[in-house]
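Novice: here's a sequence, model it:
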Amino acid sequence: MQSTPPRAGPPPAGAAAGMGVAEPYAPIIDTLDMESGRTLDSAIAAADRALRALFAPARASRPVPTPREAPQPLSDAQRRDAAALMRVNHTGELAAQALYHGQALLARSAATRQLLLEAAQAESDHLGWCEARLTELQARPSLLNPLWYAGSFAIGALAALAGDRASLGFVAETERQVERHLDTHLERLPTGDSRSRAILERMRAEEIVHGRSATRAGGAPLPQPVQALMRRTAAVMTGTAYWI
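Specialist: Residues are numbered from 1 along each chain as shown. Reported below is the predicted structural model:
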């Protein structure tokens with residue numbers, strides 16, 4: 001008697017999942033893997049930039065600006081005052097780097113991220129110039145720089161969460177306030193300190209360019225209360241860095 005071949009049953013659950021069910025989700029899984037990889041890479045790059053800014057000697061990609069007039073000898077009191085002012089500017093440039101690093105990490109568009117990182121590179125040059133001048137004045141940077149960096153990075157990240165237009169508006173307002181701050185320091189520098197003056201004048205000119213670039217890229221004006229809060233925060237930082 002001829003036996004009847006067994007009827008084919010449904011494939012095992014594991015085989016079905018492996019062959020047919022998971023296939024429609026494969027592009028989604030690949031996309032999630034790519035996004036998580038990019039996020040991890042961005043976080044590692046941000047951490048690397050932070051460590052370099054805080055603990056590595058600042059290296060400018062451009063030479064320190066040279067004064068138009070020969071510097072004059074400074075008294076001990078003048079040297080201490082100039083050093084305190086340059087310490088404040090060094091801290092300000094470190095905080096500016098942190099702001100832009102935080103904003104770049106969470107920027108929505110590649111164009112905005114690129115603008116922020118280019119501005120941060122210019123701030124890195126400013127940081128190197130200020131650090132070199134501090135060394136000449138036999139002074140040290142602020143001991144609270146890690147605190148200022150962490151706080152500024154967090155503020156930059158929060159600004160980026162509001163969207164690229166708000167983030168760019170934050171850049172423009174920051175640079176306007178830095179410009180006014182540098183105007184004050186240029187008035188307060190000892191008359192004979194042409195070396196510090198040349199650095200601050202170049203920094204001021206470049207900060208103006210950064211602010212205008214952010215506005216042209218679509219930066220939105222910030223509300224007055226936010227501007228006032230930024231001024232108060234900056235006053236705390238600069239007032240502390242003058243002494244510590």
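Novice: for the residue minimising distance to the centre of the chain, give me its contacts.
Specialist: Centroid-nearest residue in the chain: residue 100, 2.5 Å away (criterion: C-alpha atoms, centre = their mean). Counting by C-beta atoms under 8 Å, 6 or more residues apart in numbering, residue 100 touches 116-117, 119-120, 123, 156, 171. C-betas here are computed from N, CA, C, even on glycine.
Novice: for the helix or strand containing it, buried residues please.
Specialist: Using DSSP states H and E, residue 100 sits within helix 76-105. Going by neighbour count (16 or more other C-beta atoms under 10 Å), the buried part of helix 76-105 is 78-79, 81-83, 85-105.
Novice: how far does stretch 200-213 sit from its chain's centre?
Specialist: 15 Å (C-alpha atoms, centre = their mean, to the nearest Å).
Novice: ok, now stretch 135-155?
Specialist: In this view, stretch 135-155 has its centroid 13 Å away from the chain centroid, taken as C-alpha atoms, centre = their mean.
Novice: state the mean pLDDT of it.
Specialist: The average pLDDT within stretch 135-155 is 93.
Novice: from one end of that stretch to the other, what's the distance?
Specialist: Its start and end residues considered, stretch 135-155 measures 30 Å (C-alpha to C-alpha, to the nearest Å).
Novice: how about residues contacting that stretch?
Specialist: Residues from elsewhere that reach stretch 135-155 (C-beta under 8 Å, 6+ apart): 46, 50, 53-54, 79-80, 82-84, 86-88, 90-91, 94-99, 101-102, 131, 134, 195-196, 233, 237, 240-241, 244.
Novice: now do the same for the closest residue to residue 174 other than its chain neighbours: its pLDDT.
Specialist: Nearest non-adjacent residue to residue 174, counting by C-beta to C-beta, 6 or more residues apart in numbering: residue 99, 6.5 Å away. We have a pLDDT of 92 for residue 99.
Novice: thinking residue 99 is in contact with residue 177, fair?
Specialist: No - judged on C-beta atoms under 8 Å, residue 99 makes no contact with residue 177 at a distance of 11.7 Å.
Novice: now the helix or strand harbouring residue 117 against helix 76-105, angle please.
Specialist: Element membership for residue 117 (DSSP H and E) is helix 110-136. Using axes from the mean of the first three to the mean of the last three C-alpha atoms, to 10 degrees, the inter-axis angle of helix 110-136 relative to helix 76-105 is 160 degrees.
Novice: distance from the chain centre to whichever helix or strand comes after helix 110-136, please.
Specialist: On the C-terminal side of helix 110-136, the nearest following helix or strand under DSSP H and E is helix 145-161. How far helix 145-161 lies from its chain's middle: 8 Å, per C-alpha atoms, centre = their mean.
Novice: what of stretch 128-137?
Specialist: Worked out by C-alpha atoms, centre = their mean, stretch 128-137 lies 20 Å from the chain centre.
Novice: check which residues of that stretch are buried.
Specialist: Within stretch 128-137, the residues scored as buried using 16+ other C-beta under 10 Å are 128-134, 136-137.
Novice: try stretch 217-229
Specialist: Across stretch 217-229, burial judged by 16+ other C-beta under 10 Å covers 217, 219-220, 222, 226.
Novice: what do you get for stretch 160-172?
Specialist: The neighbour-count check on stretch 160-172 (16+ other C-beta under 10 Å) flags 160, 163-164, 166-172 as buried.
Novice: can you flag which of those belong to helices?
Specialist: Within the buried residues of stretch 160-172, residues falling in helices by DSSP state H are 160, 164, 166-172.
Novice: tabulate these (JSON lines), appending pLDDT and distance to residue 211.
Specialist: Shown next, in JSON lines, are these (pLDDT from 0 to 100; distance: C-beta to C-beta, whole Å):
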{"residue": "160", "pLDDT": "93", "distance to residue 211": "17"}
{"residue": "164", "pLDDT": "94", "distance to residue 211": "16"}
{"residue": "166", "pLDDT": "93", "distance to residue 211": "15"}
{"residue": "167", "pLDDT": "93", "distance to residue 211": "13"}
{"residue": "168", "pLDDT": "94", "distance to residue 211": "10"}
{"residue": "169", "pLDDT": "94", "distance to residue 211": "10"}
{"residue": "170", "pLDDT": "92", "distance to residue 211": "11"}
{"residue": "171", "pLDDT": "93", "distance to residue 211": "7"}
{"residue": "172", "pLDDT": "94", "distance to residue 211": "5"}
